[in-house]
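>>> Provide a 3D model corresponding to the input given below.
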Amino acid sequence: MAPSKTSSSESAVRKTSKVERLLNLVICLLATRQFVTADYIRRSVVGYNDEGQSVEAFNRMFERDKTELRELGIPLVTGPSVVGQGHDGYRINRDSYALPELSFDRDEAAAIAMAATLWDTPEISAISQTAVLKLRAAGFDVRADDEIGVSAGDSPRSMGSEATLGALLTAIEAQRPVTFTYRAGSGSAGVTRTLEPWGVVTHRGRWYVVGHDRGRDDTRTFRLSRVTEVVAIDAPGSVVVPADTDLQQIVAAAVDSAAGSDGRTARVWVAADHAAGLRRLAQRSEPMEYADASGDVLDIEISSVTTLARMVLGAGADAVVLSPPELRDLVIGALDTMARVRA
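Numbers count the residues shown, from 1 in each chain. Coordinates of the predicted model:
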């Protein structure tokens, strides 16, 4: 009879990975104050006592693991075992293994937070975010969102594909122009652009590439999530960044211009305990009843009228725009359109 899927799955579960086995070994050897024998390790450490493993297989595996730990710089030391007379024992020298006290300046903390947001594959993301949490628990402020202009929650979507980012960073380092396909909006057709890239920066949680657009003969900013098919052209060293170029200022000005931002503040009423997304954007809030319903009036800085309108529409009857008239009219117009479509 062929083995069932269940029995194969159980067998896979019993097989311990190398990384897990080494980690278990390190934990065991750190936890002991005395030298423990290889036999004790075989019986007690998960990964060395998997079903069907012979003593000879264990000995070969344990020798390889000892060598690997030492190559990694882990101070595995050998000494006489108290339990097994005449047998070597093993433990890790805690004093040599412990790290010195860590400290980060503001730039280093920002770099750690930036790295954590870049690792967005499922396997790496969990590890990176866990590392950030552990550092924060130890008292290190590694979340410097205001300094690096990126949010971990938004990064994978706003950064675009890793292939796009990698191709652009490689071209920037080599000072090479690039061609790419750019879509101005989700429904727009792709257009080929040729850019002399100066740098990649973040602004308000989104990623942009800045440079000289050869087709427009002017400085241009492109959102990375709308860039695809990046190809480097020309010889290395053919791109020169103008002196005193402030990439962050260029992006901020371009984004504000595209969004029509003029420093206005919207006032939006939201029902009590609802519209969490709008509440997170609010600079201030104050309790207020509207149409006999309890809630709060939020003061929200407008960076994009259309984006804010979509958020208000998403909240449904739990959000009402009080001002400015442009935002209110945009929301009412969208509601009228939806009503006509449903009619």
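>>> All the strands of the stretch 51-200 of the chain, residue numbers only.
For the stretch 51-200 of the chain, the strands defined by DSSP state E, counting those that start in this stretch occupy 76-80, 88-92, 178-182, 191-203.
>>> and of those strands, who's closest to Arg220?
Comparing the strands of the stretch 51-200 of the chain against Arg220 with C-beta to C-beta, the closest turns out to be strand 191-203 (6.9 Å). All C-beta spots, glycine's among them, are computed from the backbone N, C-alpha and C.
>>> Now that closest one: buried residues?
Using 16 or more other C-beta atoms under 10 Å as the test for burial, strand 191-203 gives 193-203.
>>> pLDDT weak spots in the stretch 1-150 of the chain?
Scanning the stretch 1-150 of the chain for pLDDT under 70 picks out 1-15, 51, 83-86, 99-150.
>>> ok so, going back, so for the buried residues of strand 191-203, which is the shakiest by pLDDT?
Lowest pLDDT among the buried residues of strand 191-203: His203, with 75.
>>> quick one: it from Thr337, how far?
Distance of His203 to Thr337, computed by C-beta to C-beta, to the nearest Å: 31 Å.
>>> repeat for Gly237
To Thr337, Gly237 is 53 Å away according to C-beta to C-beta.
>>> try Arg214
Separation of Arg214 from Thr337 (C-beta to C-beta) stands at 40 Å.
>>> Those two: which has the busier surroundings?
Taking neighbours as other C-beta atoms under 10 Å, Arg214 and Thr337 compare with Arg214 leading, 14 against 10.
>>> With distance to Arg64 added, can I get the strands of the stretch 51-200 of the chain in JSON lines?
Converted to JSON lines, the strands of the stretch 51-200 of the chain look like this (distance: least, C-beta to C-beta, whole Å):
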{"stretch": "strand 76-80", "distance to Arg64": "13"}
{"stretch": "strand 88-92", "distance to Arg64": "14"}
{"stretch": "strand 178-182", "distance to Arg64": "45"}
{"stretch": "strand 191-203", "distance to Arg64": "42"}
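>>> mind listing the helices for the stretch 1-150 of the chain?
Assigned by DSSP state H, counting those that start in this stretch, the helices in the stretch 1-150 of the chain fall at 5-14, 18-31, 38-44, 55-71, 94-97, 106-118, 122-137, 145-148.
>>> show me what contacts the closest residue to Tyr97 other than its chain neighbours?
Closest residue in space to Tyr97, ignoring its immediate chain neighbours: Pro75 at 5.6 Å, by C-beta to C-beta, 6 or more residues apart in numbering. Contact partners of Pro75, counting by C-beta atoms under 8 Å, 6 or more residues apart in numbering, are 92-93, 96-97.
>>> Could you tell me how many residues sit around the nearest residue to Glu301 once chain neighbours are set aside?
Spatial nearest neighbour of Glu301, excluding adjacent residues (C-beta to C-beta, 6+ apart): Thr265 at 5.6 Å. By the criterion of other C-beta under 10 Å, Thr265 has 13 neighbours.
>>> Now do the contacts for Thr265.
283, 299-302.
>>> Now list the buried members of the residues you listed.
300, 302.
>>> which helices and strands does whichever strand or helix holds Val320 pack with?
Taking DSSP states H and E as the criterion, Val320 maps to strand 319-323. Counting contacts by 3 or more C-beta pairs under 8 Å, 6 or more residues apart in numbering; DSSP states H and E, strand 319-323 is packed against strand 265-271, helix 305-314, helix 325-342.
>>> Pull it out as PDB, backbone CA atoms only.
The C-alpha coordinates for strand 319-323 follow below in PDB (Å, rounded to 0.1, in the frame of the first residue of the first chain):
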ATOM      1  CA  ALA A 319     -18.200  60.400   8.100                       C
ATOM      2  CA  VAL A 320     -19.500  63.800   6.900                       C
ATOM      3  CA  VAL A 321     -17.400  66.600   5.400                       C
ATOM      4  CA  LEU A 322     -18.000  70.000   6.900                       C
ATOM      5  CA  SER A 323     -15.300  71.900   5.100                       C
END
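>>> Just checking: what are the partner strands of that strand?
Using DSSP bridges, strand 319-323 pairs in its sheet with strand 265-271 (antiparallel).
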